[in-house]
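Enquirer: Pasting the sequence and the predicted coordinates here, then a few questions.
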Amino acid sequence: MRLVRSCSRSNPDPLGHHPRPTVQGHVAGVFPGLGSRAAYRDLGRHLLDSGSPEVLEIYRQAARALGFPDRPEKLLPVPENLPAGKLAQQAFIGSAILVHSLALEAHLRNMAARNGIRLDFVAYTGESFGIITSAVASGALSIGDGVKIARAFTPLMLVAAEGEVPDEPVAREVAVHLPDSLRGRPLVPEPFHVIALNGATEARKVLRALKASFCSTS
């Protein structure tokens, strides 16, 4: 998670007490997308074991939403938690990154408060997948709903793009949310989901070609 703009630490009075912390300007939080997942390896359980009730509650609510309320440690992004199966792994990575990002944001606020700094978050945003995390952090989504969306995010896109439902439980689970027009009909190969366009004329030509080649549900 990144912070936009800065904050100042309050100075203690002669008795060593910190007055009300102040913030220089507003602070916005920016959450990473799944392209940053290489940095989410072997993170350990330091956040879960940080002693922060807020962090622990994030893990517990997410674990409850995914069906293992007594095992919040199953959401830790560590190798032993990685399931078998391509789509199951993608589902886990999405869930784990969202929960870790929310826990890190809560931990950051708590640590800042202990040091006399008030982090006044007035906005959250994110890169791609990170927008789901920002929706949870801002209160637009609950933790439970957010982690369910995060779990389905990549598997749903892959199943829709490839037009087939692999013999994996996660694939069958997300496929029920696809319209009939997208089943059994591949859209684009998975490596080519992102298309960069430069200029209005080029964009119009490409969009017309796409409209002629692929079905539309909107």
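Expert: Alright, I've got the coordinates.

Enquirer: On the three-state scheme, the residue nearest to residue 174 when sequence neighbours are not counted is what?
Expert: Among residues not flanking residue 174 along the chain, residue 156 sits closest, at 4.4 Å (CB to CB, 6 or more residues apart in numbering). Yep, even glycine has a C-beta here, placed from its N, CA and C like the rest. Assigned by DSSP: H, G, I helix; E, B strand; the rest coil, the conformation of residue 156 is helix.

Enquirer: how many other residues sit next to residue 156?
Expert: Other residues near residue 156 come to 21 when the count uses other CB atoms under 10 Å.

Enquirer: Check which helices and strands the lengthiest helix in the chain sits against.
Expert: Using DSSP state H, we find that the single longest helix of the chain is helix 86-114. Contact here means 3 or more CB pairs under 8 Å, 6 or more residues apart in numbering; DSSP states H and E; on that basis helix 86-114 packs against strand 27-31, helix 53-65, helix 130-137, helix 143-162, helix 169-175.

Enquirer: winner for burial among these?
Expert: The highest mean neighbour count among the helices and strands packed on helix 86-114, using mean count of other CB atoms under 10 Å, belongs to helix 130-137: a mean of 23.

Enquirer: Who are the packing partners of it?
Expert: strand 27-31, helix 86-114, strand 121-126, helix 143-162.

Enquirer: roughly how far out does it sit from the chain middle?
Expert: Its chain's C-alpha centre and that of helix 130-137 lie 6 Å apart, by CA atoms, centre = their mean, to the nearest Å.

Enquirer: Let's see that helix as PDB, backbone CA atoms only.
Expert: In PDB, the C-alpha atoms belonging to helix 130-137 read as follows (Å, rounded to 0.1, in the frame of the first residue of the first chain):
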ATOM      1  CA  GLY A 130      -6.600  -3.000  -6.000                       C
ATOM      2  CA  ILE A 131      -9.900  -1.200  -6.600                       C
ATOM      3  CA  ILE A 132     -11.700  -4.000  -4.800                       C
ATOM      4  CA  THR A 133      -9.500  -3.600  -1.800                       C
ATOM      5  CA  SER A 134     -10.100   0.200  -1.800                       C
ATOM      6  CA  ALA A 135     -13.800  -0.400  -1.900                       C
ATOM      7  CA  VAL A 136     -13.600  -2.500   1.300                       C
ATOM      8  CA  ALA A 137     -11.200   0.000   3.000                       C
END
